[in-house]
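In: model the following, please.
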Amino acid sequence: MRFATKAVHVGSETDQDAAGSVNAPISYSVTFDQNRQKERFEYSRTGNPTRLALERNLAALERGKYALAFASGLAAETTLMTVLKAGDHIVCMDDVYGGTYRLFTQVFANFGMKFTFVDARDPAAVKKAIRKSTRMLWLESPSNPLMKIVDLRALGELARSAGILSVVDNTFASPALQNPLRLGIDVVVHSTTKYLGGHSDILGGAIVTSRDDVHERLRFSQNALGGVPSPMDCFLTLRGIKTLAVRMERHCANAKRIAEFLAGHPAVKRVLYPGLPKHPGHDLAKRQMSGFGGMLSFTLKDPAMAVKVLRRVKVIIRGESLGAVESLIEHPATMTHASIPKGLRKAGGITDGLLRISAGIEDIDDLVEDLGQALGGR
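Out: The predicted model follows:
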């Protein structure tokens, strides 16, 4: 079964209830009669029929053996970190979502975990950062917000040879464009709030793996910590996933056109989009992704213009999040990545003139015209 078919059907099979529902029914029950069921459900925090449908779907899309659903992307990340303990060392990519950086440096560092941030585009730098106490390698590709592309196959092999767990946040690409598990990565995490849900109306997260030992530990932690999604959020995520394949086609097409427009604008200093041939990760992205995605960032020649652009947009919405049908624009330095110290932000390339766009599925001419007027014309 191919991707678009799996997105529509897995988890929504018509044999789930007596009525033969086309969509997975929403089960609000907190507890279950254990004498009257095919599946072994006990308590809704431990397992819920609607959540099981979503988890089956997510595992199929990422081509993994197991999936676990959570109430948010950060709930998924928090649960994933329970495979570690005090004293463990994590090598983390230097360009990651600001909430991930905050979680690592301001929460788990307080529990005795150690973190080293490196430019994972250089496998030699990653190898050099690994210590005897290293237990995990954390990656994003494309990264947030600088759109770095890393060699997932090479880094998965490096982690395996070092005996450490490899993790990829696949939110930006979505399973429609990239399957890290097939490239040798151990664990994939998602904010299902983004492309999977696709409509800015749910919060959710997910972990997908094919490793029995990792799943067994995380299944325990999912139940013990209780950061699970509601049945309605599971249903809405499944509904969003049904159109993921066609939405991603439009997201990618619109992002490419926007990137090309910005690359030729006199007010723009640099465009970061792996679909542009000049992007340093273009060839690698072409090999390990089936499309270049709907996310891009760009730097203005005059940093003071950033606030003006944010105020002038009319069709594109100034807001955090990404991956939904509507286009969004944000200022990483003061929004999604504000938790990173200013000096580190600037040193890493998250400058005051950097803006990030999540290209929606609107008419591309409206989006380009909106950016043109916001930038002050050509």
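
In: which helix or strand contains V96?
Out: In this assignment (DSSP states H and E), V96 forms part of neither any helix nor any strand.

In: how close does the residue lying closest to it once chain neighbours are set aside sit to K194?
Out: Once flanking residues are discounted, V96 sits nearest to E140: 5.3 Å by CB to CB, 6 or more residues apart in numbering. To be clear about C-beta, it is placed using only N, CA and C from the backbone, and glycine gets the same treatment. E140 sits 13 Å away from K194, taking CB to CB, to the nearest Å as the criterion.

In: more neighbours: which of these two?
Out: E140 (26 against 23; other CB atoms under 10 Å).

In: on that earlier part again, what residues are up against the residue nearest to V96?
Out: When contacts are counted by CB atoms under 8 Å, 6 or more residues apart in numbering, E140 touches M93, D95, V96, Y97, K148, V150, V168, D169, T171, F172.

In: scan the protein for its longest helix.
Out: Ranked by residue count, the top helix of the chain under DSSP state H comes out as helix 244-263.

In: and that one, what's buried?
Out: When burial is assessed from 16 or more other CB atoms under 10 Å, helix 244-263 yields the following buried residues: 244-245, 247-248, 250-259, 261-262.

In: average pLDDT across that helix?
Out: The pLDDT scores in helix 244-263 average 98.

In: what's the following helix or strand after it?
Out: On the C-terminal side of helix 244-263, the nearest following helix or strand under DSSP H and E is strand 268-272.

In: what does that following strand rub up against?
Out: The set of residues external to strand 268-272 that reach it, using CB under 8 Å, 6+ apart, is 145-147, 259, 262-263, 279, 296-301, 353, 375.

In: quick check: domain ranges of the chain?
Out: The record assigns the chain these domain ranges, following automatic domain parsing: 3-241, 245-374.

In: roughly how far is the last one from the heart of the chain?
Out: Pointing back at domain 245-374 there. Put simply, domain 245-374 sits 16 Å off its chain's centre (CA atoms, centre = their mean, to the nearest Å).

In: got the contact list for R56?
Out: Counting by CB under 8 Å, 6+ apart, R56 makes contact with V10, G11, A67.

In: pull out the buried positions in stretch 325-345.
Out: Of all the residues in stretch 325-345, those buried under the rule 16+ other CB under 10 Å are S327, L328, I329, E330, H331, P332, A333, M335, T336, H337, I340, R345.

In: nearest to D212, out of the contacts of E140: which one, please.
Out: The shortest approach to D212 among those belongs to V168, at 19.2 Å (CB to CB).

In: neighbours around the nearest residue to the closest one once chain neighbours are set aside, how many?
Out: With sequence-adjacent residues excluded and distances taken as CB to CB, 6+ apart, V168 is closest to P180, at 4.1 Å. Other residues lying near P180 total 29 when counted by other CB under 10 Å.

In: likewise S321?
Out: Close neighbours of S321, defined as other CB under 10 Å, add up to 17.

In: and if you look at R217?
Out: The number of residues packed around R217, counting by other CB under 10 Å, is 15.

In: so it, which state does it fall into?
Out: When states are read from DSSP: H, G, I helix; E, B strand; the rest coil, the local structure at R217 comes out as helix.

In: again with F115
Out: Following three-state DSSP, F115 is assigned to strand.

In: I'd assumed H89 was in contact with it.
Out: Yes - counting by CB atoms under 8 Å, a contact exists between F115 and H89, whose distance comes to 7.5 Å.

In: what separates P49 from A109, distance-wise?
Out: P49 sits 38 Å away from A109, taking CB to CB as the criterion.

In: of these two, who's got more company?
Out: Residue environment comparison for P49 versus A109 gives the larger neighbour count to P49, 20 against 13, counting by other CB under 10 Å.

In: kindly export the helix or strand bottoming out on mean pLDDT in the chain (C-alpha atoms) in PDB.
Out: For the chain, scoring each helix and strand by mean pLDDT, DSSP states H and E identifies helix 342-348 as the least confident one, at a mean of 89. Written as PDB, here are the backbone C-alpha positions of helix 342-348 (Å, rounded to 0.1, in the frame of the first residue of the first chain):
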ATOM      1  CA  LYS A 342      20.700  36.300  22.300                       C
ATOM      2  CA  GLY A 343      24.400  35.700  21.900                       C
ATOM      3  CA  LEU A 344      23.900  32.000  20.900                       C
ATOM      4  CA  ARG A 345      21.100  32.900  18.600                       C
ATOM      5  CA  LYS A 346      23.100  35.500  16.700                       C
ATOM      6  CA  ALA A 347      26.200  33.300  16.600                       C
ATOM      7  CA  GLY A 348      24.100  30.500  15.100                       C
END
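
In: got the contact list for that helix?
Out: With CB under 8 Å, 6+ apart, helix 342-348 has contacts from D94, D95, L146, P332, A333, H337, I340, T351.

In: that helix: what's the following helix or strand?
Out: Remark: after helix 342-348, the chain's next helix or strand is strand 354-358, criterion DSSP H and E.
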